[in-house]
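Novice: give me the fold of what follows.
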Amino acid sequence: MVKRARGSVRPGQRRAIDRRPATPATPATARPTGLSEAELARAAELEQQLLAEERAAETARRRTTERASTRELGATKVIPFEDEYAYVSRDLKDIARIAALLFAILFALYLIIDVFDVVKIA
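Specialist: Sure, this is the predicted structure:
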């Protein structure tokens with residue numbers, strides 16, 4: 001472990017800033033206590049924008065809840081099982097057709113390469 005000497009500054013570090021109170025020779029600059037007119041106007045403008053965004057979000061939320069409630073009212077009709085899941089049977093038929101096609105291609109390649117020796121693989 002490295003021994004630290006008091007008051008030394010290691011490379012890459014700075015000494016602490018010596019902060020002394022203002023003396024009469026160096027008067028402290030007076031900071032303004034309030035906001036300027038331009039800052040107040042900008043703050044009012046930002047507040048109006050935020051309120052407008054909040055109102056828009058509230059109306060969008062209200063609209064979606066109204067749609068959801070009307071959707072629930074209209075969802076009482078009963079759809080037969082076969083009609084509701086017709087896409088599942090279509091997808092399964094497509095998968096079966098593709099699998100049959102791939103097996104046919106694989107069998108044709110087997111015949112061409114191994115049985116009839118048309119293509120020689122070294």
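Novice: only C-alpha atoms for contact and neighbour calcs from this point on.
Specialist: OK.
Novice: care to break the chain down by domain?
Specialist: 36-76, 83-122 (automatic domain parsing).
Novice: where does residue 100 sit, in terms of helix or strand?
Specialist: helix 86-110 (DSSP states H and E).
Novice: what's in contact with that helix?
Specialist: Helix 86-110 is contacted by no other residue when judged by CA atoms under 8 Å, 6 or more residues apart in numbering.
Novice: so how many other residues sit close to residue 93?
Specialist: 12 (other CA atoms under 10 Å).
Novice: just the C-alpha atoms of stretch 42-62, please, in PDB.
Specialist: Extracted C-alpha coordinates of stretch 42-62, given in PDB (Å, rounded to 0.1, in the frame of the first residue of the first chain):
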ATOM      1  CA  ARG A  42     -40.600  31.600 -20.500                       C
ATOM      2  CA  ALA A  43     -41.700  29.800 -17.300                       C
ATOM      3  CA  ALA A  44     -45.400  30.700 -18.100                       C
ATOM      4  CA  GLU A  45     -45.000  29.400 -21.700                       C
ATOM      5  CA  LEU A  46     -43.500  26.100 -20.500                       C
ATOM      6  CA  GLU A  47     -46.300  25.700 -18.000                       C
ATOM      7  CA  GLN A  48     -48.900  26.200 -20.700                       C
ATOM      8  CA  GLN A  49     -47.200  23.600 -22.900                       C
ATOM      9  CA  LEU A  50     -47.200  21.100 -20.000                       C
ATOM     10  CA  LEU A  51     -50.800  21.700 -19.200                       C
ATOM     11  CA  ALA A  52     -51.700  21.300 -22.900                       C
ATOM     12  CA  GLU A  53     -49.800  18.000 -23.000                       C
ATOM     13  CA  GLU A  54     -51.600  16.800 -19.800                       C
ATOM     14  CA  ARG A  55     -55.000  17.700 -21.300                       C
ATOM     15  CA  ALA A  56     -54.200  15.800 -24.500                       C
ATOM     16  CA  ALA A  57     -53.000  12.700 -22.600                       C
ATOM     17  CA  GLU A  58     -56.200  12.900 -20.400                       C
ATOM     18  CA  THR A  59     -58.500  13.000 -23.500                       C
ATOM     19  CA  ALA A  60     -56.600  10.100 -25.100                       C
ATOM     20  CA  ARG A  61     -56.900   8.000 -22.000                       C
ATOM     21  CA  ARG A  62     -60.600   8.900 -21.700                       C
END
